[in-house]
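Engineer: what's the 3D shape of this:
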Amino acid sequence: MKMFLFAAASVFALAACSPAVEEGTPTVVPPPLETSEIPADAPPVEDVTLVDVVATNPDFSTLLAAVDAAGLSETLAGPGPYTVFAPTNEAFAALEPGQLDALLLPENKDDLTRIVSYHVVPGKVLAADVPAEEAATATASVNNLALSVRRMADGTVMVNQYKVTSSDIQASNGVVHVIDGVLIPRMEE
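Structural biologist: Numbers count the residues shown, from 1 in each chain. The predicted structure is shown next:
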């Protein structure tokens, strides 16, 4: 539980370090959710929400704790659609010592919510929909902070400075992409 709180807190702290989406900056508008976007060989996802995807994967136990502590479980179990950039437990463990524990404290819930929300984009964005790096577009998180989501020349998808290590994990209300770091927005935004 402490690890989760630390992770959640770290997410919020990182979210505070990211720039807000400025007027006039091009943004990525995710395509509407269509059943044709789900591969035919994918398992049925009618009743599997984003929270279920996170809860059933032991590599996301810290993220799940952060989502719960931030009070966002109900939102991520709602209709969506959302795209979640999900840091693993290993990513949370790489935060500064004590950072996650501090974020998980009740008095830091606002910071934690800011960080966790920074990992969520409205709409369903599949890896194939991510624009090329040279497009220089900004993607707004649900808390309207800018993320740099882009496809590199080698096909790697990056979110800010972190790499997507697994993509397009389907849920009934969106999609999850695993990332190898915790996104922390700048706090002054």
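
Engineer: and residue 67, what does it touch?
Structural biologist: Applying CB atoms under 8 Å, 6 or more residues apart in numbering, we find residue 67 in contact with 8, 51, 54, 73, 76, 116. C-betas here are computed from N, CA, C, even on glycine.

Engineer: a strand runs through it, doesn't it?
Structural biologist: No - looking at residue 67 with DSSP: H, G, I helix; E, B strand; the rest coil, it is helix, so not inside a strand.

Engineer: ok, it to residue 53 distance?
Structural biologist: As judged by CB to CB, to the nearest Å, residue 67 and residue 53 stand 11 Å apart.

Engineer: now residue 128
Structural biologist: Going from residue 128 to residue 53 by CB to CB gives 19 Å.

Engineer: more crowded one of those two?
Structural biologist: residue 53 (22 against 10; other CB atoms under 10 Å).

Engineer: so where's the protein uncertain?
Structural biologist: Across the chain, the ranges flagged by pLDDT under 70 are 1-46, 187-189.

Engineer: which residues in it form strands?
Structural biologist: Assigned by DSSP state E, the chain shows strands spanning 82-87, 120-122, 139-140, 146-147, 149-151, 157-159, 162-171, 174-179.

Engineer: Need these in CSV (columns: distance to residue 101).
Structural biologist: Formatted as CSV, the strands of the chain follow (distance: least, CB to CB, whole Å):
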stretch, distance to residue 101
strand 82-87, 16
strand 120-122, 23
strand 139-140, 30
strand 146-147, 26
strand 149-151, 29
strand 157-159, 25
strand 162-171, 22
strand 174-179, 21
